[in-house]
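>>> Sequence plus the predicted model coming up.
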Amino acid sequence: MLKELSLADRTRIFNIINESAIAYKGVIPSDMWKEPYMPQEELDEELEAGVKFYGWEEEGRLFGVMGIQPRSDTALIRHAYVLTGHQRTGIGSRLLRHLIRLVGTEEVLVGTWAAATWAINFYRKHGFALTSREETIELLNKYWNISESQIETSVVLRLNY
């Protein structure tokens, strides 16, 4: 069942993100990998910056999370993670469709690692298209607060309505 998450769920969000992010280990640049992948302090900063999380829960157990963050005239899809044993079961698709419905006709962007081909393919399957390299750099600098080295190894996709 789809559920809007709250601050009371922050430990569960933290656990989902960090268990699921293991998929990036050995794929993204080694200097970008850390354990935990997203420390609790970083998650708290994301929540304070306006990232609103939704989750997929069954029988009280959370299986996936996805956040949305309004940024002026744009909505950013943030931190999309599904537990490893439950990926490719439709949880991510249900979460993404819900967030897109919440946004309406606003521009929707998502950033991910260029090496995360599975994530890029997931978003493309749902109507997103890669932006040009020049536009990616511009968008990452405008809407995200990430390092230059992460900008160099990231892509941005835009939802095509």
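Nice, I can see it.

>>> Need phi/psi at the closest residue to G111 other than its chain neighbours.
Excluding the flanking residues, the one nearest G111 by C-beta to C-beta, 6 or more residues apart in numbering is V156, at 5.0 Å. Heads up, the C-betas are built off the backbone N, CA and C, glycines and all. Main-chain torsions, V156, degrees, to the nearest 10: phi -130, psi 140.

>>> Burial check on V156, number of neighbours?
Using other C-beta atoms under 10 Å, V156 is surrounded by 23 other residues.

>>> Pull up the gap between the residue most central in space within the chain and I17, please.
Closest to where the C-alpha atoms of the chain average out (C-alpha atoms, centre = their mean) is H79, at 2.6 Å. Going from H79 to I17 by C-beta to C-beta, to the nearest Å gives 6 Å.

>>> Common neighbours of those two, please.
Common neighbours of H79 and I17, counting by C-beta atoms under 8 Å, 6 or more residues apart in numbering, are 38, 65.

>>> which stretches of this protein form helices?
Using DSSP state H, the helices of the chain run over 10-20, 40-48, 91-103, 117-125, 133-143, 148-152.

>>> any chance of the ones you listed in CSV, with mean pLDDT, distance to L109 and mean neighbour count too?
Formatted as CSV, these follow (pLDDT from 0 to 100; distance: least, C-beta to C-beta, whole Å; neighbours: other C-beta atoms under 10 Å):
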stretch, mean pLDDT, distance to L109, mean neighbour count
helix 10-20, 97, 20, 18
helix 40-48, 96, 16, 14
helix 91-103, 97, 11, 18
helix 117-125, 97, 10, 15
helix 133-143, 98, 6, 15
helix 148-152, 96, 14, 13
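
>>> Nearest to M1, out of those?
Closest approach to M1 among the helices of the chain is made by helix 91-103 (9.7 Å; C-beta to C-beta).
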